[in-house]
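*Asks:* the following block contains a protein sequence and its predicted model.
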Amino acid sequence: MNVDDDPILTSALQFWVASRPEGGLPTRREIDPLRIPRPLFPYLVLADVETPEGRVRYRVVGHEMVHRWGTNFAGRGSDEIFGGDYRAYLENAFALAIENWLPVFTASRFRWDVGGYLRTRRLMLPIGATAQGPVTQVLVVQTWPNSPDGNRTDPMLIVPGTVPVENAEPVLVGT
């Protein structure tokens, strides 16, 4: 499973690469909402970097993200929303993007129903204060490839400490 398997993630990566100066980071000016391809909006999350270790505060949450998570988590920090291994996993992925100035791809599988699992993929795209850094925000695009016929499924229900989650190792995406 990789970015090329998902047209939404591929579009997000192409946008980020086209917005980035050679060898540098795109800034918030280049990642202007008016320039972001419209099909990406439902799947977007814009996160402000709070620490180099990957703690973030979510600024903007797309409507498909709100539907899937069952809540709008804008204004909340990663440490307020997630706990345990999953928090460590996500913050590690954010830290990888922050440190390397490169996109990071992750894939997870959540138990979302008594009898089913929901797969999700995300691409974390770093944004700099300037083209020379530091990374101050991360644009996240997250999709759910196993939705029947591409349609929505019910929101994920994650009960801390009780729900099995399988996380693939975060992978830097070369551009």
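*Replies:* Looks like it arrived, so ask away. Numbers count the residues shown, from 1 in each chain.

*Asks:* tell me which element Ile98 is part of?
*Replies:* helix 84-100 (DSSP states H and E).

*Asks:* sec struct for Ala74, please.
*Replies:* Here Ala74 takes the coil state, with states given by DSSP: H, G, I helix; E, B strand; the rest coil.

*Asks:* could you measure from it over to His63?
*Replies:* Note on Ala74: its distance to His63, by C-beta to C-beta, to the nearest Å, is 11 Å. From N, CA and C alone the C-beta is placed, and that goes for glycine too.

*Asks:* between these two, which one's more packed in?
*Replies:* Neighbours per residue (other C-beta atoms under 10 Å) separate Ala74 from His63, with Ala74 holding more: 15 against 12.

*Asks:* from Gly83, how far off is the more buried one?
*Replies:* For Ala74, the distance to Gly83 - C-beta to C-beta - is 19 Å.

*Asks:* sorry, back to before: tell me the buried residues in the helix holding Ile98?
*Replies:* Of the residues in helix 84-100, Tyr86, Arg87, Tyr89, Leu90, Glu91, Asn92, Ala93, Phe94, Ala95, Leu96, Ala97, Ile98 count as buried by neighbour count, 16 or more other C-beta atoms under 10 Å.

*Asks:* now stretch 72-82
*Replies:* Neighbour counts using 16+ other C-beta under 10 Å place Phe73, Ser78, Ile81, Phe82 of stretch 72-82 among the buried residues.

*Asks:* out of those, the closest to Leu25 would be?
*Replies:* Within the set of these, Ser78 lies nearest Leu25; the separation is 20.8 Å, counting by C-beta to C-beta.

*Asks:* looking at Gly115 now. What's its pLDDT?
*Replies:* Gly115 is assigned a pLDDT of 58 by the prediction.

*Asks:* go on, the one 10 residues further on?
*Replies:* Looking at Leu125, its pLDDT reads 96.

*Asks:* right, I'll call it a day here.
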